[in-house]
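# need a 3D model of the following:
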Amino acid sequence: MARAKALAVWGTGSGVGKSLFAAGLLRHFKRLGLKAAPFKAQNMANHARVARGGEVATAQWLQALAAGAEPEVRMNPVLVKPFGERGAQVVVWGRVDPELSRLSWKERRPRLEAPIREALEGLLAEYDLLVLEGAGSPVERNLWPDLPNLKAAEWADARALLVADVDQGGALGALYGTWALLGEHRERLLGFAFNKFRGDLELLKPAYGLLQDWTGLPVLGTLPLLPLALPEEDGFRHRLEGREGPKVAVLRYPHASNLDEFWPLAELARVRYAALPQEAEGADLLVLPGSRLPAKDLPWLRAFLPAIQRHLEEGRPLLAVCGGAEMLSEALLDEAGVEEKGHFPGLGLLPFRVRMAPEKTVERRRVRLQGLSGYWGGLNGLEVEGYEIHHGQGLPLFHQQGSLLATWLHGLLENPGVQKALFGREARALEESLDRLADAMEAHLDLGALHRALGLTGRPFPAPSPLGALDPPPPPGLVLLLGGARSGKSRFAQKLAGPFATLIATAEARDEEMAERIRRHQEERPPTWETLEAPLDLVGALGRARNPTVVVDCLTLWVANLMERGLDPLEEAKRFLVAVEESGKRVIAVSNEVGMGIVPANPLARRFRDLLGEVNALLAEAAQEAYLLVAGQALLLKALPQKPR
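A predicted model of the protein is given here:
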């Protein structure tokens, strides 16, 4: 397989929507049939998921789902989980590296290049297209040479899209300033995009022309602020605000982690982060999320103890996940200083002692729930999926005590069955939200310009499944499209054919005007189409076509080419019809209807008109469907019952 194309999504800063853009673009490329995958060289986040090989940042896990690829550690080879002021835990290829975790950033950086490049090269060799998410801004000159933005893009030979957040303000200046500071790296930029816009778009449109004039680069469009409940890399930045359903309070201690798993609550409940005990008062459900440093969060949580005890005494449910459950135990013991060295008294609501082990548990789990009661009893019999990421040992996977449910398992509330049992309905599936994101990107951005900049237009990319294995398969037979010049025949053919088709092109670029016309048609085609050049031999080209849908564009030039070489168009048309029947393919043939104009002035032109009319009539007689295109409108002339597959 050839080396993959690569697109880098850079941002003017953190939180501008790089992760969202990458996910939406990957879903768009998946729709085109491209075998695409995400990549982020180095991510700094305390929100992680378990993937093939270990743990990766939530953003790359979600982007892999958008692309239809299995999440794996190469997609995020370096994950840095901050410890606050005293450093960070460094995860390389999905596993904690204690030695690197003890080093400063400057000492660590040279040792990260090899694993990052190995992961990147492996993905480039296995996929058609990679979408590289940048980190922060690519113009943090104090950090140059920049590893996750500029070096990764250089290694992948990537083109880049620069994204700014309109909602934060200053987007025009941020885009221009970033472009100006990029220096020699500007050559990678293919254009700009605005994100999170709300209001009258006409007010923003003048910025497009200004950026074009100042930089020579286009604005591909503006994505509106989308009400999507998706897992987010930075849970504190996410507005976790639902408007209906039971009141749920998620305690937001300083080192809370994996908050992304609670995205369904934004749809199912009136949910809020609680930073003060009074903000949790009256909640129908309390949630204690994971914690990156439970020993450090314990003093903060101790202030909530009276409110937690009242909540439990009233029989209202509490869900404690991973680090949240550890803090409710009798004690946290960390003799080796895995997270925070020492012995720490817990809140004492669970009869367990938790010991921090150097070896980290990183595992996906599937478990059938049983033995639960009260509010949690509705979960009995459900098989749920989730994941474990923890150093602590000493708690059961699930433990209920009164209305308190403690678990190591992250992702419990992401299970649709759990949502329905606890809240009476399911949150929109991730797949639906990802499709809505891709719909918005396709509606608001000039993705054709992106295809052209990446060199995708006109390149045959097979679908992830075997080429031609579409479900359902296209009905076999001939479809004939007739119409005048610029009547919309080619566009309608593209619409009928869908994303996976073989184009048999009959045009020859004999002059500049025809060359330009061919180029324009190539740019309008999906990048997933296979193209075969066949000015004369339609039968041979049809035999070579790899897709079950074939578009012949156009018969008009084909007839002219045959006449020029002394061949009989009617005989060739009969051979073509036999080949269509034997191929079992759906063949969409485009031809001009030339018999409605004035009588041609010379015998050759009249002969061409007559022959093309006879060829059209011959094909129309054999066709399953025939359309006449007038001013872009398709008029159905003929439709026969489809042949059985």
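
# with just CA atoms, put stretch 479-490 into PDB.
Listed next in PDB are the C-alpha coordinates belonging to stretch 479-490 (Å, rounded to 0.1, in the frame of the first residue of the first chain):
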ATOM      1  CA  VAL A 479     -29.400   3.700 -17.000                       C
ATOM      2  CA  LEU A 480     -29.400   6.300 -19.800                       C
ATOM      3  CA  LEU A 481     -29.100  10.100 -19.100                       C
ATOM      4  CA  LEU A 482     -29.900  12.400 -22.000                       C
ATOM      5  CA  GLY A 483     -29.800  16.200 -22.100                       C
ATOM      6  CA  GLY A 484     -28.200  19.300 -23.700                       C
ATOM      7  CA  ALA A 485     -24.900  20.900 -22.900                       C
ATOM      8  CA  ARG A 486     -24.600  22.000 -19.200                       C
ATOM      9  CA  SER A 487     -28.000  20.500 -18.400                       C
ATOM     10  CA  GLY A 488     -26.700  18.700 -15.200                       C
ATOM     11  CA  LYS A 489     -26.200  15.200 -16.700                       C
ATOM     12  CA  SER A 490     -22.800  14.600 -15.000                       C
END
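
# contact partners for residue 53?
With C-beta atoms under 8 Å, 6 or more residues apart in numbering as the criterion, the residues that contact residue 53 are 72, 73, 74, 93, 94. C-betas here are computed from N, CA, C, even on glycine.

# could the residues you listed go into JSON lines alongside distance to residue 433?
Formatted as JSON lines, the entries for the contacts of residue 53 read as follows, by distance: C-beta to C-beta, whole Å:
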{"residue": "72", "distance to residue 433": "22"}
{"residue": "73", "distance to residue 433": "25"}
{"residue": "74", "distance to residue 433": "25"}
{"residue": "93", "distance to residue 433": "29"}
{"residue": "94", "distance to residue 433": "26"}
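
# residues near residue 12, how many?
Counted with other C-beta atoms under 10 Å, the neighbours of residue 12 add up to 26.

# can you read off the pLDDT for the closest residue to residue 640 other than its chain neighbours?
In space, residue 640 comes closest to residue 624 once its chain neighbours are excluded; the distance is 5.0 Å by C-beta to C-beta, 6 or more residues apart in numbering. Each residue has a pLDDT score; the one for residue 624 is 93.

# got a list of what the residue lying closest to residue 348 once chain neighbours are set aside touches?
Excluding the flanking residues, the one nearest residue 348 by C-beta to C-beta, 6+ apart is residue 330, at 5.5 Å. Taking C-beta under 8 Å, 6+ apart as the contact definition, residue 330 lies against 345, 346, 348, 350, 351, 352, 353.

# phi, psi of residue 330?
Dihedral angles phi and psi of residue 330 (degrees, to the nearest 10) take the values phi -70, psi -40.

# measure it to residue 353 for me?
When distance is defined by C-beta to C-beta, to the nearest Å, residue 330 is 5 Å away from residue 353.

# any weak-confidence spans in the protein?
For the chain, the stretches with pLDDT under 70 are 1, 84-86, 229, 232-243, 457-472, 499, 509-511, 514-515, 517-528, 642-645.

# for it, what's the longest strand?
Determined from DSSP state E, the single longest strand within the chain is strand 353-368.

# elements contacting that one?
Counting by 3 or more C-beta pairs under 8 Å, 6 or more residues apart in numbering; DSSP states H and E, the packing neighbours recorded for strand 353-368 are strand 48-51, strand 95-96, strand 331-334, strand 383-393.

# and the angle for that strand with strand 383-393?
Compare the direction of strand 353-368 with that of strand 383-393 by axes from the mean of the first three to the mean of the last three C-alpha atoms, to 10 degrees and you get 160 degrees.

# name the strands paired with strand 353-368 and say parallel or antiparallel.
Each strand paired with strand 353-368, and its direction, by DSSP bridges: strand 331-334 (parallel), strand 383-393 (antiparallel).

# who touches the longest one?
Right, strand 383-393. Outside strand 383-393, the residues that reach it (C-beta under 8 Å, 6+ apart) are 48-50, 55, 258, 290, 294, 322-323, 326, 332, 338-339, 354-369, 408-412, 414-415, 417-418.

# can you select the buried ones among those residues for me in PyMOL?
For selection in PyMOL, the members of the contacts of strand 383-393 meeting the burial criterion (16 or more other C-beta atoms under 10 Å) are listed in this command:
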select buried, resi 48+49+50+55+258+290+294+322+323+326+332+338+339+354+356+360+362+369+408+409+410+411+412+414+415+418
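
# contacts only, for the residue nearest to residue 336 when sequence neighbours are not counted.
Nearest non-adjacent residue to residue 336, counting by C-beta to C-beta, 6+ apart: residue 358, 5.8 Å away. Residue 358 makes contact with 98, 336, 338, 391 under the criterion C-beta under 8 Å, 6+ apart.

# who wins for neighbours among these?
Neighbour count (other C-beta under 10 Å) singles out residue 391 as the most crowded of the contacts of residue 358, with 21 neighbours.

# from residue 224, how far off is it?
When distances are taken as C-beta to C-beta, residue 391 and residue 224 turn out to be 42 Å apart.

# repeat for residue 260
According to C-beta to C-beta, residue 260 and residue 224 sit 22 Å apart.

# looking at these two now, which is surrounded by more residues?
It is residue 260, of residue 260 and residue 224, that has more neighbours when counted by other C-beta under 10 Å, with 28 against 16.

# quick one: that one and residue 48 touch, right?
No - counting by C-beta atoms under 8 Å, residue 260 does not reach residue 48; the two are 9.1 Å apart.

# residues shared between the contacts of those two?
Between them, residue 260 and residue 48 share the neighbouring residues residue 58, with contact defined by C-beta under 8 Å, 6+ apart.

# what's the end-to-end length of stretch 30-37?
End-to-end distance of stretch 30-37 (C-alpha to C-alpha, to the nearest Å): 9 Å.

# tell me how far it is from the chain's mean position?
Between the centre of stretch 30-37 and the centre of its chain there are 9 Å (C-alpha atoms, centre = their mean, to the nearest Å).
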